[in-house]
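Fold the following for me, if possible:
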Amino acid sequence: QLVESGGGSVQAGGSLRLSCAFSGHSSRTYWMGWFRRPPSKAREGVTAISPSGGTIRYADSVKGRFTISRDKAQSIVYLQMDSLKPDDTAMYFCAADPLAEPLASLGGANYWGQGTQVTVS
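Coordinates of the predicted model:
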């Protein structure tokens, strides 16, 4: 089970931090990541992180502004979002997968959270 938190409304240039708690006996061995669905647009991959935290992938649109990290002891993944833009407005979904692909390529995942709304004005 994946449970996101931390969404909300913020002005352009501001910051938000999303959290995703993953409960499961093997969660520490899973790739984890974030996707988003902007209004009236298709879902897009944002970032992914390997089980060790040693491999990270970002979409070009968020490079240098967003940072993913994971607390392996608590099976929590964070998404620090800085310098937010109105184009970042979307429903953000946490994702997890026991295999590297397709999550490592930001192509999808087998496990999903319910989503948390981020609105940038």
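
Only C-alpha atoms from now on, for both contacts and neighbour counts.
Noted.

where's the residue most central in space within the chain, which helix or strand?
Centroid check for the chain by C-alpha atoms, centre = their mean gives residue 34 as the closest residue, at 2.2 Å. In the assignment (DSSP states H and E), residue 34 maps to strand 31-37.

Partner strands of the helix or strand just after that strand and their direction?
Downstream of strand 31-37, the next assigned helix or strand under DSSP H and E is strand 44-49. Strands that pair with strand 44-49, judged by DSSP bridges, come out as strand 31-37 (antiparallel), strand 56-58 (antiparallel).

pLDDT averaged over the longest one, what's the number?
Think strand 31-37. Strand 31-37 shows a mean pLDDT of 97.

low-confidence ranges in the protein?
25 (pLDDT under 70).

Do you have the strands of this structure handy? List them.
Per DSSP state E, the chain carries strands over the ranges 2-5, 8-10, 16-22, 31-37, 44-49, 56-58, 66-71, 76-81, 90-97, 111-112, 116-120.

before we move on, the earlier item: pull the contacting residues for the residue nearest to the centre of the chain.
Contacts for residue 34 (C-alpha atoms under 8 Å, 6 or more residues apart in numbering) come out as 45-48, 79, 92-95.

swap the cut-off to 10 Å and go again
Going by C-alpha atoms under 10 Å, 6 or more residues apart in numbering, residue 34 touches 18, 20, 44-49, 58, 68, 77-79, 92-96, 103, 106, 108-109, 112-113, 115.

Over to residue 2?
Taking C-alpha under 10 Å, 6+ apart, we find residue 2 in contact with 19-24, 27, 76, 93-96, 111-115.
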